[in-house]
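Asks: Just a sequence and a predicted model for now, questions to come.
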Amino acid sequence: MGRKLYIKTFGCQMNEYDSARIVDLLRATYGMETVAEAEQADVLLLNTCSIREKAQEKVFTQLGFWKGLKELRPGVVIGVGGCVASQEGDALRRRAPHVDVVFGPQTLHRLPELLGTALRDRTPAVDTSFPEIEKFDRLPEPRADGVRAFVSAMEGCSKYCSFCVVPYTRGEEFSRPFDDVIAEVAILAEQGVREVILLGQNVNAYRGVRNDGGVADLAELVRYVAEVDGIARIRYTTSHPVEFGDALIRAHVEVPQLAAHLHLPVQSGSDRILALMKRGHTVEDYRARIGRLLDARPDISISSDFIVGFPGETDADFRATMDLIEETGFDQSFSFLYSPRPGTPAALLEDATPQHVREERLQILQRRNEEMAAQISLGMVGTVQRILVEGLSRRNPKQLCGRTENNRVVNFECADRNLVGHILEVEITEAAHFTLRGRLAGGVVAASAVSR
């Protein structure tokens, strides 16, 4: 067809993975190639997020801009996928009637047919059903774009936290078959991928069926991914404390490729708020899990997620969260104001806390988290870190850029493109605001020789 595709992604890493698979799919079925500007495209796609109200409203703002493009070129096809599409369904078109295609996270594999209907018949097409594993069975082989790649291990969530819309937009938890995940990793590794990030809304609940009929958990999956030739580093996200157990702790000790970093959202340091959130764990449960991990891997970096201003949060509840932050020393955590989502139990809770109080609490928490992250960065100055080289620095073509195990970007003097994809030893010389700077301290560390 020779049509041009522009896709804009909002939200989590799962959406980034889905967008990459959409590009693979439309390239394979229609020969579409992506363009950098929406004005150049024949097909405009939004992959959306509805985890917070602000994220959802960004979608309709973007669709407003694209309406003008369609008025200038009526042949342009506009599609909306992801969680907003799943949540809104047909109602999305009532609010934005210039949208031609609406598809959910589990029906992106049907996008060629949906687009075909819109292009051929000039009629809208909507499919936001939940066919589960069929999605992966009908996607083409992935095409790598760089040395890092996301791989979906599982989708959906069955925790039903009272604030979260994910179970309603992505469905219940389901795990991809074990061999399918390993096969996708192997395909990516053959294309030069060296770091794999295993994805799931609750990835440490992974229970993938093996060919022998047995079931593999995430720890076993990590161990097998580490055996794929060329894979030098493994991460996984996002985790839930309830399923973070001893098997994963052992993997962090025994699997050299598993990065010394864990993102484990706690959301609040108050047991009362955690109960209202229906998180299924207490603060002490969380402390115990983190404590066992730190006993086994004292050098590991831990980050988390925090929701500030959950309905009914008191000063005492907020102080309890700050106490947990001080005690744990989280690194590069994410924090947000509570955003009521339609259809979730928390949206029905009353909250008398003034908005300015909620915003002040968020500023306090974010400022402290930023201070802690900066302290950790400063503490890395003078140390030698293993850096997976991702490419040239964005600002200086005489520098290479890569990441540490605790996910910090490092720029260092060297312009040898042949080192992209290798793990190098780099001495950290400076901690800038968002990145680290360094200099080569040793040679290439072969993936098979990476050790603790």
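Replies: Okay, I see it.
Asks: So what does Leu436 look like in phi/psi?
Replies: Backbone geometry at Leu436, expressed as degrees, to the nearest 10, gives phi -110, psi 160.
Asks: Neighbours of it, how many?
Replies: Using other Cβ atoms under 10 Å, Leu436 has 23 neighbouring residues. Where you see a C-beta, it was placed from the backbone N, CA and C, and this is true even at glycine.
Asks: Tell me the helices and strands packed up against the helix or strand encompassing Glu371.
Replies: Taking DSSP states H and E as the definition, Glu371 sits inside helix 355-380. On a contact count with 3 or more Cβ pairs under 8 Å, 6 or more residues apart in numbering; DSSP states H and E, helix 355-380 meets strand 305-308, helix 315-328, strand 334-337, strand 423-431.
Asks: and the angle from it to helix 315-328?
Replies: 10 degrees (axes from the mean of the first three to the mean of the last three Cα atoms, to 10 degrees).
Asks: Strand partners (parallel or antiparallel) of whichever helix or strand comes after helix 355-380?
Replies: Sequence-wise, the next helix or strand downstream of helix 355-380 (DSSP H and E) is strand 384-392. Here strand 384-392 is paired, per DSSP bridges, with strand 399-403 (antiparallel), strand 423-431 (antiparallel).
Asks: how distant is the shortest one from the center of its chain?
Replies: Taking Cα atoms, centre = their mean, to the nearest Å, one finds the center of strand 399-403 at 21 Å from the center of the full chain.
Asks: Which strands or helices does the very next helix or strand once past it pack on?
Replies: Remark: after strand 399-403, the chain's next helix or strand is strand 409-413, criterion DSSP H and E. In terms of contacts (3+ Cβ pairs under 8 Å, 6+ apart), strand 409-413 is packed against strand 384-392, strand 399-403, strand 423-431, strand 436-445.
Asks: Let's see that with 7 Å instead.
Replies: For strand 409-413, the contact count by 3 or more Cβ pairs under 7 Å, 6 or more residues apart in numbering; DSSP states H and E identifies strand 399-403, strand 423-431, strand 436-445 as packing neighbours.
Asks: Flag the shaky bits of the stretch 301-450 of the chain, pLDDT-wise.
Replies: 443, 446-450 (pLDDT under 70).
Asks: hang on, the earlier thing: which of the helices and strands packed on strand 409-413 sits most buried?
Replies: strand 399-403 (a mean of 23; mean count of other Cβ atoms under 10 Å).
Asks: Distance of the residue nearest to Gly11 when sequence neighbours are not counted relative to Tyr224?
Replies: For Gly11, ignoring the flanking residues on the chain, the nearest one in space by Cβ to Cβ, 6 or more residues apart in numbering is Cys49 at 2.6 Å. For Cys49, the distance to Tyr224 equals 31 Å [Cβ to Cβ, to the nearest Å].
Asks: Of those two, which one has the most company?
Replies: In this view Cys49 and Tyr224 are compared by other Cβ under 10 Å, and Cys49 has more residues nearby, 22 against 15.
Asks: contacting residues around the more buried one?
Replies: Phe10, Gly11, Cys12, Asn15, Ala55, Gly82, Cys83 (Cβ atoms under 7 Å, 6 or more residues apart in numbering).
Asks: Need the pLDDT of it.
Replies: Looking at Cys49, its pLDDT is 84.
Asks: Leaving aside the residues adjacent along the chain, what's closest to Ala85?
Replies: Nearest to Ala85 is Val102, by Cβ to Cβ, 6+ apart, at 4.9 Å.
Asks: partners of the one you found in the sheet?
Replies: Beta-bridge partners, per DSSP bridges, of Val102: Val80, Val126.
Asks: Spit out the contact partners of it.
Replies: Val80, Ala85, Gly89, Leu92, Arg93, Val126, Thr128.
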